[in-house]
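Participant: Let me see the structure of the following:
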Amino acid sequence: MEPDFMIDPIWWISVVELPALGGLFWLLWRTRHDGEQALEAQRRQMEAEIIGLRQCLSDYKLEVAKSYASVGYLADVERRLLAHLLRIENKLDRQGTGDGR
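Facilitator: Numbers count the residues shown, from 1 in each chain. This is a model prediction of the structure:
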């Protein structure tokens, strides 16, 4: 006597394979959806950080422009310093010649 226990292919497809494929499809869709959300959150965070960095750079440029001396100012300081050093040199020369050296 042969057993009558034979699995019908239609039953197997409808009971086992379709739910398994549906679960795999849902898993892939959910993974992709989560990945896209994480990527979008990362993009927003990077844009916010770039905006902050640009603001810091702008503030730094403004600080540099306010606090550093201009070329004209440096030339004036150099001219005054050179004139003062020349006066000191002349005084030392006069002192050296007046002592008989």
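
Participant: who does the strand or helix carrying residue 91 touch, helix- and strand-wise?
Facilitator: Using DSSP states H and E, the element containing residue 91 is helix 71-98. In terms of contacts (3 or more Cβ pairs under 8 Å, 6 or more residues apart in numbering; DSSP states H and E), helix 71-98 is not packed against any helix or strand. C-beta coordinates here come from the backbone N, C-alpha and C atoms, glycine included.

Participant: quick one: residue 8 from residue 19, how far?
Facilitator: Noted for residue 8: a distance of 16 Å to residue 19, by Cβ to Cβ, to the nearest Å.

Participant: ditto for residue 10
Facilitator: Taking Cβ to Cβ, one finds residue 10 at 14 Å from residue 19.

Participant: Likewise for residue 88?
Facilitator: Counting by Cβ to Cβ, the separation of residue 88 from residue 19 is 98 Å.

Participant: how far is the longest helix seen in the chain from where the chain is centred?
Facilitator: Criterion DSSP state H: the longest helix present in the chain is helix 18-67. Distance of helix 18-67 from its chain centroid, counting by Cα atoms, centre = their mean, to the nearest Å, is 13 Å.

Participant: And for stretch 56-72?
Facilitator: Worked out by Cα atoms, centre = their mean, stretch 56-72 lies 21 Å from the chain centre.

Participant: what's the answer for stretch 73-82, then?
Facilitator: Distance, centroid of stretch 73-82 to centroid of chain: 40 Å (Cα atoms, centre = their mean).
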